[in-house]
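Enquirer: Sequence and computational prediction follow.
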Amino acid sequence: MTLAAGAIFLSILDATVANLAVTDMHDSFPSASVTDLTWVISLYAIMFASFLAPAGRLADVLGRRRLYIVGMGLFTVTSLLCAVAPGLPTLLAARALQGLGAAAMIPASLAVVLADVAPQRRAAAIGLWSAAASAAAAAGPSLGGILIDTVGWRSVFFINVPLGIALLVGIRAVRGSARTGQGLPDVLGTALLAAGTGLVVLGVTQGPEWNWDDPRVLGCIAGGLVVLALALVRARRHPRPALQTRLWRSRVFALANLVSFFFGAALYAWLLVGALFLVDVWHYSRISAGLSMSPGALLSAVVAALVGRSLSRRSPHLVVFCGAMTLVGAGLWLALTLSSQAALWSMWFPVGLLAGAGIGAVSTGVSSAAALSVEPVDFAGATGLNMAVRQIGGALGIAALAAILPAQTSSQPAPYSHVVFFSCATAAVAGLLSLGLSPRRGRPKPDAAQAAVPAAVATEAVSGKGAEL
């Protein structure tokens, strides 16, 4: 569990702390423009989103332990390279490879836990895994601000190195899984899947900066969709597909992906608009803004862990629906009461705690629904695909935020309220879709069905020696 939580903690932490480091990097690279420096953030996000789904497939075929070692090793080495980068090109290359390493270790990390945990405890494990992600979101802004202001931007990458080494040592305690004997997934299909996802995320991410009618943006989005369509067609016909399209035959898994998409759009827009509002309208410092958002993120971690422990006794659709509606309620409260006058204790903290509770419930509920709707041999692939869909939704949410907010920094609360309304709308869609996650009558729930499988058969399925799908 520590290995799994450590992997997702580091990956989410690095996605947040770098946001604060851009302005400080300009002192080290004075010839670089602000636009050039923002690629430090964009490259990580693009590579992370692009390779989540292919990495999950690789973990299922090659073994979760092997891919965890490869991903964590690459992440640790490139973190060190980021910290000592002598120039911006080196930093950008290392940052892209760091995103690739993070993508590899995420689906492998959850599969490491789910494969060796009793079926009735898997939901609790997913809750702790989701809680680690929320804890990273809570620690990122405040920890990053403290490190950058006291030591410098390179320190946010240096801290990954000892943590990564410790996790690499710890993975030795996990038993390895045998290869499935299917051989490597389709190489061309894997490249098409990664390229298509990357192009779509690139176009959506750069749309606000390049302008939405720019041929580069239109070309990236249209080209990415075409390449993704080719990847899906190839996956349906290839004997060793890069993407297990058969997973979408599961109604629960397909709906969990849709819920993740809209939840990602709501979540990323919510987190970013909160930080921008505190800095631009209430004129908080970066550290103060991060600390002001931390209570909600910490409560999200607590709720995620508690929901995971009790999810086996409650239907996931109710957990996700209630969590989404809680986030909608918090958003409406925030959007209708935002003003230029700071109201930290009377409005901001209560709203943040309410939203944090909703985010924790949705995150654990939808991750559990996605992972536990498939067989053990597909845990990593299902996790990677579900996380990839959430990242694509997050890119859409950030793009919507950039399109709604004025190009120049605004001290008026109205534009920020409009972004919050967008988060409310997408969270509401996620909540309504989640009602379909309930198991059909007459069919056993995933936990019950998996618990009925003898331990020896389940072990063989995980190792690839038993079931052939």
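Expert: It's in.

Enquirer: what's near enough to touch Ser288?
Expert: Leu278 (C-beta atoms under 8 Å, 6 or more residues apart in numbering). Where C-beta positions appear, they are placed from N, C-alpha and C, glycine not excepted.

Enquirer: Give me the spatial nearest neighbour of Thr35, chain neighbours excluded.
Expert: The shortest distance from Thr35 to any residue other than its chain neighbours is 6.9 Å, reached at Glu209 (C-beta to C-beta, 6 or more residues apart in numbering).

Enquirer: what about that neighbour, distance to Ser434?
Expert: As defined by C-beta to C-beta, to the nearest Å, Glu209 lies at a distance of 33 Å from Ser434.

Enquirer: So if I had to pick from the two, which one is more boxed in?
Expert: Ser434 (29 against 13; other C-beta atoms under 10 Å).

Enquirer: so what pLDDT did the more buried one get?
Expert: pLDDT, Ser434: 93.

Enquirer: what's Thr16 in contact with, if anything?
Expert: So Thr16 contacts 136-137, 140-141, 144 (C-beta under 8 Å, 6+ apart).

Enquirer: Gly203 and Ala222, how far apart?
Expert: 8 Å.

Enquirer: what about the two, which has more around it?
Expert: Gly203 (24 against 13).

Enquirer: which residues touch that one?
Expert: Counting by C-beta under 8 Å, 6+ apart, Gly203 has contacts 216-221, 224.

Enquirer: Name the nearest residue to it, sequence neighbours excluded.
Expert: Cys220 is the one closest to Gly203 (C-beta to C-beta, 6+ apart), at 3.2 Å.

Enquirer: Surely the one you found and Gln206 touch.
Expert: Yes - at 7.4 Å, Cys220 counts as touching Gln206 under the criterion of C-beta atoms under 8 Å.

Enquirer: any idea which helix or strand comes after whatever helix or strand the residue nearest to Gly203 lives in?
Expert: Assigning secondary structure by DSSP states H and E places Cys220 in helix 215-237. With elements assigned by DSSP H and E, the helix or strand that comes after helix 215-237 is helix 251-280.

Enquirer: which strands and helices sit next to that following helix?
Expert: helix 286-310, helix 316-337, helix 349-371, helix 379-404, helix 414-434 (3 or more C-beta pairs under 8 Å, 6 or more residues apart in numbering; DSSP states H and E).

Enquirer: related to what we said a few turns ago, just want the angle from the helix holding Cys220 to helix 379-404.
Expert: 160 degrees (axes from the mean of the first three to the mean of the last three C-alpha atoms, to 10 degrees).

Enquirer: Which neighbouring elements make contact with helix 215-237?
Expert: Secondary elements touching helix 215-237 (3+ C-beta pairs under 8 Å, 6+ apart): helix 187-210.

Enquirer: Between helix 215-237 and the helix it packs on, find me the angle.
Expert: Going by the same axes, to 10 degrees, helix 187-210 makes 160 degrees with helix 215-237.

Enquirer: ok, and for helix 187-210, which residues are buried?
Expert: 189-190, 192-208, 210 (16 or more other C-beta atoms under 10 Å).
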